[in-house]
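In: Fold the following and give me the result.
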Amino acid sequence: MLLLATFSLIPRFLLGFLTLELIWRKKAKRRVLELVMAGPMGVGISSLLSFLWIWMGLELRLYALGETVLMCIVFALWARHAIRASSRGWQKLRCTWPPGGIVWWGGLSAAALFFSAQFWTLSLQKPHGSWDAWVHWNVVSRFVYRGGELWQGTFLRILDQPDYPLLIAMTNATTWELVQKETSRGPMTLAFLSSIALVGLLFSFVRELRGAPQASLAAIAMLTHPLFVPVGFSQYADVPEACYFLASTGLTLLYLRSRDRSLATLAGLMAGLGAWAKNEGLVFAAATFLLWAYLSWRGRSPALKDYLLGAALPLSVLGLFKAFLAPGSDLFSNPNAALAALIDPSRYLSVLQQAAMAFWNRTSGSPALLLLLAAYACLVGRSRQKIAGQGLPIFFLAVQSSAYLLVYVATPFAYGTAAMIPTSIGRLYFHVLPLLLLALFLWLKSPEDLGQQPTRATQIIKS
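Out: Just a heads-up that it's a prediction; the model follows:
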């Protein structure tokens, strides 16, 4: 069943790959990035289309079968054309490693095997994931899969947040329609492949901007992070959310270097899919909109138009979902009390204290790893290589963190911060962790930079 669940995701991978082929015009030397990004993109687009399909009263099984057949036919036609036209693009799929690359490849492979072993061990012990997967994601998948015409009964739930978007729910329900069984292997496979895609995106962006050895260090730091396995195997939407945040940010960095307008469209699409994955993505989408508006104004270019072209489908579907189906969020059920909390300085101090304690006690060794990374940064130092927009990951990290702080301050009324912060701080931190690692490894000297530095003896001889 695990193999069937994996194969059922292939049509959605093909959907993402073909979308990238259609939009991305200058893909030279970026086939690895394209392949890594195809999964999250295809899953996101498929969930949008399948949601619209069932909303129109059509059977999800017909959509799943139609998508599978159509993607296979279109991919076969594309492959036939690509083989006839040229095979040079695929010859550039391989990574080029500097001397000693076997060390980096070996370290990265060992970290990936270590992560995979931990992931599947815990997944088989808890095949249905953790608490939030039960009450937020998998239960909605079951409403869609079992409910037929009555699938909208999912919005009658009162013990959690029924206004959450349906990216994970539609993906899992479509998988079950293809394998014709409500198997826990579907959500498990999606969680694993999303985790691998997140590492692949981090590796690909750092490799593109700073080289393969530095990319290996970034990927190893992600794979061995003590929070990665607990969040990954839990089948939450936080791993796909982190994928979309990282993908949109990395594509923006590539745009600033190449001014390829198709990258702006892809960045908008990934930002929009982040909003469709979780409500927290709305903040990121708003921040990226302001950034692209600024880039368009400053450069007198149609960058914002290109960005909005990509974001149009996911944000339009999300708007329809929020306006006509999803109930209002209970986080803002008492706006007067929320406003009073926002203008109370003591609330900020209290929330920051609780958040610091929860982060230290509940994030599985993350503070120790951050201290280790800080020590490594002090030891290695800053690279002299300048990268356009290098501070963007920190900008988005700061925006997201500030928004999370404001939500904590304004909404203690429904849950109480004493319970809300410890149960969510780790997952919110995970949203921005890849951005932090991207910023750090773009800023630090790479192993290649360190290898090119003259030794002390060489400096004495030259002087």
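In: Tell me where the model's unsure across this structure.
Out: The model of the chain has pLDDT under 70 over residues 27-29, 86-101, 159, 330-332, 412-418, 453-463.
In: can you give me the strands in it?
Out: Counting by DSSP state E, the chain has no strands to list.
In: Contacts for stretch 179-195, please.
Out: 1-2, 4-6, 8-9, 39-40, 43, 115-116, 119-120, 123, 127-129, 133, 137-138, 141-142, 145-146, 168, 171-172, 175-176, 228, 232-236, 239-240, 243 (Cβ atoms under 8 Å, 6 or more residues apart in numbering). Glycine gets a C-beta too; all of them are placed from N, C-alpha and C.
In: Could you check how far it is from the centre of its chain?
Out: Chain-centre distance of stretch 179-195: 17 Å, with Cα atoms, centre = their mean, to the nearest Å.
In: which non-adjacent residue is nearest Gln400?
Out: Leaving out its chain neighbours, the residue that sits closest to Gln400 by Cβ to Cβ, 6 or more residues apart in numbering is Val432, at 5.3 Å.
In: Quick check: that neighbour vs Ala218, distance?
Out: Val432 is 15 Å from Ala218, where distance means Cβ to Cβ, to the nearest Å.
In: before we move on, what about Gly281?
Out: For Gly281 relative to Ala218 (Cβ to Cβ), the value is 23 Å.
In: With neighbour numbers in mind, choose between these two.
Out: Counted by other Cβ atoms under 10 Å, Gly281 and Ala218 do not tie: Gly281 has more neighbours, with 28 against 25.
In: Might one say that that one is in contact with Gly274?
Out: Yes - with contact defined as Cβ atoms under 8 Å, Gly281 counts as touching Gly274 (3.5 Å).
In: what is in contact with the two at once?
Out: Residues touching both Gly281 and Gly274 (Cβ under 8 Å, 6+ apart): 241, 244-245.
In: Show the buried residues in the residues you listed.
Out: The neighbour count (16 or more other Cβ atoms under 10 Å) marks 241, 244-245 as buried among the shared contacts of Gly281 and Gly274.
In: any chance of those residues in TSV, with distance to Thr224 too?
Out: Formatted as TSV, these follow (distance: Cβ to Cβ, whole Å):
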residue	distance to Thr224
Glu241	21
Tyr244	23
Phe245	21
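In: Which one of the residues you listed is nearest to Gly66?
Out: Nearest to Gly66, judged by Cβ to Cβ, of these is Tyr244 at 25.5 Å.
In: Check whether that closest one really touches Gly281, as I assumed.
Out: Yes - the pair Tyr244 / Gly281 is scored as a contact, 6.6 Å apart, by Cβ under 8 Å.
In: Tell me how many other residues crowd Ala403.
Out: Residues near Ala403, counting by other Cβ under 10 Å: 17.
In: quick one: contacts for the nearest residue to it once chain neighbours are set aside?
Out: Spatial nearest neighbour of Ala403, excluding adjacent residues (Cβ to Cβ, 6+ apart): Val283 at 4.3 Å. Taking Cβ under 8 Å, 6+ apart, we find Val283 in contact with 399-400, 403.
In: Give me the subset of the residues you listed lying in helices.
Out: 399-400, 403 (DSSP state H).
In: And the helices in the stretch 351-463 of the chain?
Out: Along the stretch 351-463 of the chain, the stretches classed as helices by DSSP state H, counting those that start in this stretch are 366-380, 392-410, 417-443, 447-452, 456-462.
In: Now Met37: closest residue in space that isn't a chain neighbour?
Out: Spatially, and ignoring its direct neighbours in sequence, Met37 is nearest to Ala247 (5.8 Å; Cβ to Cβ, 6+ apart).
In: re earlier: can you check which residues contact both of Tyr244 and Gly281?
Out: 271, 273-274.
In: Could you write me a ChimeraX select line covering just the buried ones among those?
Out: Per 16+ other Cβ under 10 Å, the buried members of those correspond to this ChimeraX selection:
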select :271,273,274
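In: could you dump the shared contacts of Tyr244 and Gly281 to TSV with distance to Leu392?
Out: Shown next, in TSV, are these (distance: Cβ to Cβ, whole Å):
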residue	distance to Leu392
Ala271	13
Leu273	19
Gly274	15
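In: Quick check: helices, which of the shared contacts of Tyr244 and Gly281 are part of them?
Out: Judged by DSSP H, helices contain the following of the shared contacts of Tyr244 and Gly281: 271, 273-274.
In: Just give me the closest of those to Ser383.
Out: Distances from Ser383 to these, taken as Cβ to Cβ, are shortest for Ala271 (27.5 Å).
In: For Val399, give its distance to Ala111.
Out: Separation of Val399 from Ala111 (Cβ to Cβ): 30 Å.
In: show me the residues around the residue nearest to Met37 that make contact.
Out: Counting by Cβ under 8 Å, 6+ apart, Ala247 touches 37, 40-41, 201, 266-267, 270.
In: redo that, cut-off 6 Å
Out: 37, 201, 270 (Cβ atoms under 6 Å, 6 or more residues apart in numbering).
In: swap in Ala277?
Out: Counting by Cβ under 6 Å, 6+ apart, Ala277 makes contact with 167, 237, 240-241.
In: how many other residues sit next to Arg207?
Out: For Arg207, the neighbour count with other Cβ under 10 Å is 22.
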